[in-house]
Structures are given as structure tokens and as C-alpha cells.
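Novice: coordinates for the following, if possible.
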Amino acid sequence: MGIQIDVVVGYPINDEMERVLGMAEAVGEPVTVTFMWEARKEAERAVLVPAATLALWEHWAPTAFPTSGVEEGDRAVVEEPELAHPAEFGAFTLFRRRVGRRTAVAREGVVVAELLDPDEAHWLQEKARTVRQGFMDPKQKAAFEEFLARQASPGDQ
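Specialist: You can find the predicted model right below:
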């Protein structure tokens with residue numbers, strides 16, 4: 001993934017989240033975050049993706065990230081939906097989705113980023129890039145066809 005910045009956040013309080021979110025928004029690239037929750041022994045890794053970047057990826061990606069285990073061998077266990085109570089941390093509110101592992105990060109009522117599973121973020125970015133590279137808008141396609149029409153055939157060279 002483009003720029004990768006690993007950040008360890010002990011608890012998503014104002015200063016830590018603002019700093020990480022500021023990095024992601026400033027460069028328009030994902031930031032890998034490791035949360036060290038107080039009540040848990042294991043760290044939780046996620047990728048903080050700015051909302052505009054995620055919207056671009058989702059625009060170009062042709063399908064949603066597979067969660068059924070049929071398409072991905074290591075995704076055999078599908079999580080049970082959990083209650084999605086918003087968690088407030090100063091200026092930020094985290095909205096964990098009931099299904100999947102995404103968490104929307106809102107500041108002053110506006111979603112500014114999402115926390116995604118690192119595998120999903122990588123998959124989504126790759127799918128979007130592949131589709132985008134194969135796309136030509138109508139003007140670009142017409143110009144390319146005109147360019148090809150002016151080229152000499154291989155036998156004439």
C-alpha cells in the first residue's frame with residue numbers, strides 16, 4: 001500500500017486519534033494503526049483509511065470484500081454480528097458495523113475515515129487499482145482509437 005505508517009495507539013483519545021487521523025488526511029493514504037486496548041492482551045491491527053480515499057477505492061472496486069470463506073481459504077470463520085453501540089472518545093465517535101470488521105470514525109458528526117481490517121484494505125486497494133488501470137473515459141478512448149487508426153499496419157513497416 002502506498003505510504004505505510006505504523007502507529008501504536010493505547011486508547012483512541014483526542015490527541016492520539018487526531019494525530020493519526022491528521023497523518024492519514026494530510027497524505028490521503030492509509031495509516032496502519034495498532035490499538036493496545038486496556039482490557040485485552042492482544043493488540044488489534046487496523047488500517048485507517050481517509051473517507052475520500054475509501055470512496056475512490058469503493059468506486060473502482062467491482063465487488064465487495066469476500067467474507068464467506070468460499071472465496072478465501074483463511075476466512076472460514078464468519079463472525080457473528082455484534083451490537084454496534086457507538087463509542088465516544090473526545091471529539092471522535094467510533095461506529096463499529098454489526099457485520100464485518102469496519103469501524104467508521106466520525107468527527108463533529110461527519111465520517112472522516114474508516115478503520116478496516118488490513119487484509120480488506122489491501123484487497124480493496126488492489127481491486128480498485130486493477131479496474132482503474134483498465135478504464136478509459138470516452139474522450140480518452142476516442143483519442144486512442146484515432147491514434148491507432150493513424151498508425152501504419154505491421155506489414156507496412
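Novice: what's the closest non-adjacent residue to the residue nearest the centre of the chain?
Specialist: Among the residues of the chain, the one closest to the centroid is residue 121, at 4.2 Å (C-alpha atoms, centre = their mean). Spatially, and ignoring its direct neighbours in sequence, residue 121 is nearest to residue 47 (3.9 Å; C-beta to C-beta, 6 or more residues apart in numbering). Glycine gets a C-beta too; all of them are placed from N, C-alpha and C.
Novice: hang on, the earlier thing: which helix or strand contains the residue nearest to the centre of the chain?
Specialist: Using DSSP states H and E, residue 121 sits within helix 118-133.
Novice: what's that helix in contact with?
Specialist: Helix 118-133 is contacted from outside by 1, 30, 32, 45-47, 49, 54, 56-63, 65, 101-102, 116, using C-beta atoms under 8 Å, 6 or more residues apart in numbering.
Novice: sketch out the low-pLDDT regions of the chain for me.
Specialist: 1-14, 17, 37-40, 64, 67-84, 98-100, 156-157 (pLDDT under 70).
Novice: same thing but 50
Specialist: Applying pLDDT under 50 to the chain flags residues 1-2, 70-78.
Novice: now stretch 140-157, how far from the chain's geometric center?
Specialist: Centre-to-centre, stretch 140-157 and its host chain are 38 Å apart (C-alpha atoms, centre = their mean, to the nearest Å).
Novice: okay, that stretch in CSV with CA atoms only?
Specialist: Presented in CSV, the C-alpha positions along stretch 140-157 are these (Å, rounded to 0.1, in the frame of the first residue of the first chain):
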residue,chain,number,x,y,z
GLN,A,140,-9.5,9.2,-23.9
LYS,A,141,-10.8,6.1,-25.7
ALA,A,142,-11.8,8.2,-28.8
ALA,A,143,-8.3,9.8,-28.9
PHE,A,144,-6.6,6.4,-28.5
GLU,A,145,-8.7,4.9,-31.3
GLU,A,146,-7.8,7.9,-33.6
PHE,A,147,-4.1,7.4,-32.7
LEU,A,148,-4.3,3.7,-33.6
ALA,A,149,-6.1,4.5,-36.9
ARG,A,150,-3.2,6.7,-37.9
GLN,A,151,-0.6,4.1,-37.3
ALA,A,152,0.9,2.1,-40.1
SER,A,153,-0.1,-1.6,-40.2
PRO,A,154,2.6,-4.1,-39.1
GLY,A,155,3.0,-5.3,-42.7
ASP,A,156,3.8,-1.8,-44.0
GLN,A,157,6.7,-1.2,-41.6
